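Novice: Return a 3D structure for these sequence lines:
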Amino acid sequence: MSVTLPPSRTRLLHLHSTFDLGGKEARAVRLMNALGDGFVHDIVSAVPEAVGAARQIAAHVDARVLRDFPPLAGRLTPAKLKAIGTAITRGHYDLVLTYNWGALDGVMANRLFAHRPLVHHEDGFNDDEAVRQKPARILYRRLALPSAAALVVPSQVLERIALGPWKQPRRRVVRVPNGIDSALFSEPPPAGSIPGFERREGEVVVGTLAGLRKVKNLPRLVRAFAAATRIVSVPARLVIVGEGPEREAILAAATEAGVADRLLMPGFLGRPETCVGHFDIFALSSDSEQFPLSLVEAMAAGLPAVATDVGDVRAIVSERNRPMIARADDDMTLGRLLARMIGDPLLRAELGAANRARAIAEYDEAVMVERYRDIYAGAMDTI
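Specialist: Next comes the predicted model:
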């Protein structure tokens, strides 16, 4: 049974490590849009200029980015925590929602000074913790999180970390797989929805959607694509949709690998359903992921996937697609798998159909929204 939410005009404060559009931000925006008119959303980004996801908030949603909130980033001091706690108190928020390591000072500030209901979300690690977590951050999570009503994670890997190294009690940790509106991906996307892209006869399109950050290791994808096109004599192109600080490094890798003329980087595109269907193969080359939403979107569009074995990736794809997952440190195998997929249209069709069936059955957005609605309501019910 669903928990009843408080009366209209419920005030939510969202404290983000960054609010440029990525997986966690896309999910947060979809939840804002789905929760309806009875909510007011104040949004803070620890990186003040990183607020691109706000463009995707629906017009009917009462939401604003706060520019005068105390900084979340910077050195930890008692004065900083008190300032954040005071701002939370003055906002009279019914619920504080915090996201990832970059917002953890907000969790601690709320614990010490504001004492508002709080739900913390963890979605994974950046490149500085892709291989090993920092002990100081583990300890800080142990100290900050006891006041959270819930710690929400999307993946089995993060659930094990929360229960293990972070020492969170079972009752606090909730795993909610990321969901999508699979119906949006059921129809072919319109022509011209990827700037500069036109399908060429006989060409196989390898594509990905990702923030252009180091942890995504997109130069690895460029090198794997180059290796694959040397193995199979099939015309192919690589499309990388996204924006971020690694753009020049990706272009340099393409030039070095000799595939710059077959790489298209159209930048950020706000509606994945209008572009992912132009791909024939979805590729993921990250050093670290947990539950990549872009992979589920590609599956819903009926795409096969070639990916690194990070987070829950192997568990997300259909069983038939799992042999196409490579170890994250095995670039050679990633290239060989990509070559096999490029050269075999029947395999692409078989794996794509299996992935779409799994996405529809397991990762529907409506289920995710109701789970979050209950979690948030339950947290506010503890007031």
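Novice: Tell me how many other residues surround the closest residue to G52 other than its chain neighbours.
Specialist: Leaving aside its sequence neighbours, G52 sits nearest to D20 (Cβ to Cβ, 6 or more residues apart in numbering; 4.5 Å). Just so you know, the C-beta spots here come from the backbone N, C-alpha and C atoms, and that holds for glycine as well. Look at D20: counted by other Cβ atoms under 10 Å, it has 20 neighbours.
Novice: Assess the claim that D20 and A50 are in contact.
Specialist: Yes. Counting by Cβ atoms under 8 Å, D20 touches A50, with 4.3 Å between them.
Novice: what does stretch 191-200 contact?
Specialist: With contact meaning Cβ atoms under 8 Å, 6 or more residues apart in numbering, stretch 191-200 is reached by 205, 235, 237, 239, 241, 264, 266-267, 269, 271, 274-275, 278.
Novice: Which residues in that stretch does the neighbour count mark as buried?
Specialist: Buried residues in stretch 191-200, counted by 16 or more other Cβ atoms under 10 Å: 193-194, 197.
Novice: Turn those into JSON lines, including secondary structure, distance to M32 and pLDDT.
Specialist: Output for these, formatted as JSON lines (DSSP: H, G, I helix; E, B strand; the rest coil; distance: Cβ to Cβ, whole Å; pLDDT from 0 to 100):
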{"residue": "S193", "secondary structure": "coil", "distance to M32": "24", "pLDDT": "93"}
{"residue": "I194", "secondary structure": "coil", "distance to M32": "26", "pLDDT": "94"}
{"residue": "F197", "secondary structure": "coil", "distance to M32": "30", "pLDDT": "93"}
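Novice: Quick check: most distant residue from the centroid of the chain.
Specialist: S233 (34.0 Å; Cα atoms, centre = their mean).
Novice: if I pick it, what's in contact with it?
Specialist: S233 neighbours (Cβ under 8 Å, 6+ apart): none.
Novice: how near is it to V204?
Specialist: Remark: distance between S233 and V204 (Cβ to Cβ, to the nearest Å) = 12 Å.
Novice: For the residue nearest to G52, give me the backbone phi and psi.
Specialist: Phi and psi for D20, reported as degrees, to the nearest 10, are phi -70, psi 150.
Novice: And for A283?
Specialist: Backbone torsions for A283, taken as degrees, to the nearest 10, come to phi -120, psi 140.
Novice: my guess is it meets P304, correct?
Specialist: No. At 9.9 Å, A283 does not count as touching P304 under the criterion of Cβ under 8 Å.
Novice: Please identify which of the two sits among more neighbours.
Specialist: A283 (31 against 27).
Novice: Quick one, grab the pLDDT at H41.
Specialist: Listed pLDDT for H41 reads 97.
Novice: brain fart, L184
Specialist: Per the predicted model, pLDDT is 91 at L184.
Novice: Enumerate every residue touching it.
Specialist: 273, 300.
Novice: What is the neighbour count of A73?
Specialist: Neighbour count for A73, taken as other Cβ under 10 Å: 14.
Novice: M108 now?
Specialist: 21.
Novice: can I assume it sits in a helix?
Specialist: Yes. Remark: M108 belongs to a helix, assigned using DSSP: H, G, I helix; E, B strand; the rest coil.
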